[in-house]
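*Asks:* What would the 3D arrangement of this be:
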Amino acid sequence: MSTTKRIVADMNSLLDKTVVIKLANGRSYSGQLSSYELSPFMIGLINAKDNENNTYYKVVINGNVISEIIVKSSPVFDVREFADLLQKSLGLRPGDIKLYEEIGIITVMERIKVSESGVEGSGPMAQRIYDIYNDYIAKRKKGDMK
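*Replies:* Sure thing, here's the model as predicted:
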């Protein structure tokens, strides 16, 4: 995977998560990452708070002044890990499961979509995947995986 695709995958996994943005001038903001743009690099936060405890509904930060982006907690859903788990659990052929890591989506047999939001699809296979997904998420939240 190219460096740009890795950055896009990383940034996509951070959307809607709480992050701390440290600026080169010593200021910092914490808030929910609502948007980003790579070129030119920009970050959008909602429900943000600065290091002086001022609160803002929305803050858009120029990427040229960002020195660090810090995430306090790891995402619960790891798209690659879950794709591997599905492959092993369901005994499907490699082509039956497609991983779109840059957008955080897995498709199974081109009919069922799995993302951090859950499982979309219907039928017995979708129900099996839904059960595996719920078990996986419960274990990740308890710290039993990885």
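
*Asks:* and residue 52, which of the three is it?
*Replies:* coil (DSSP: H, G, I helix; E, B strand; the rest coil).

*Asks:* next one: residue 33
*Replies:* Under three-state DSSP, residue 33 comes out as strand.

*Asks:* I'd say it and residue 20 touch.
*Replies:* No: using C-beta atoms under 8 Å, residue 33 is not in contact with residue 20; the gap is 10.3 Å. To be clear about C-beta, it is placed using only N, CA and C from the backbone, and glycine gets the same treatment.

*Asks:* how about the lengthiest helix in the chain as PDB, C-alpha atoms only?
*Replies:* Counting residues, the longest helix found in the chain (DSSP state H) is helix 124-142. What follows is helix 124-142, C-alpha atoms only, in PDB (Å, rounded to 0.1, in the frame of the first residue of the first chain):
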ATOM      1  CA  PRO A 124     -28.100 -16.800   6.600                       C
ATOM      2  CA  MET A 125     -24.600 -15.700   5.700                       C
ATOM      3  CA  ALA A 126     -25.200 -12.100   6.800                       C
ATOM      4  CA  GLN A 127     -26.600 -13.500  10.100                       C
ATOM      5  CA  ARG A 128     -23.400 -15.600  10.700                       C
ATOM      6  CA  ILE A 129     -21.200 -12.600   9.900                       C
ATOM      7  CA  TYR A 130     -23.300 -10.400  12.300                       C
ATOM      8  CA  ASP A 131     -22.800 -13.000  15.100                       C
ATOM      9  CA  ILE A 132     -19.000 -13.100  14.400                       C
ATOM     10  CA  TYR A 133     -19.000  -9.300  14.300                       C
ATOM     11  CA  ASN A 134     -20.800  -8.900  17.700                       C
ATOM     12  CA  ASP A 135     -18.500 -11.500  19.300                       C
ATOM     13  CA  TYR A 136     -15.400  -9.700  17.800                       C
ATOM     14  CA  ILE A 137     -16.500  -6.300  19.000                       C
ATOM     15  CA  ALA A 138     -17.300  -7.500  22.500                       C
ATOM     16  CA  LYS A 139     -13.900  -9.200  22.800                       C
ATOM     17  CA  ARG A 140     -12.100  -6.100  21.500                       C
ATOM     18  CA  LYS A 141     -13.900  -3.900  24.000                       C
ATOM     19  CA  LYS A 142     -12.800  -6.200  26.800                       C
END
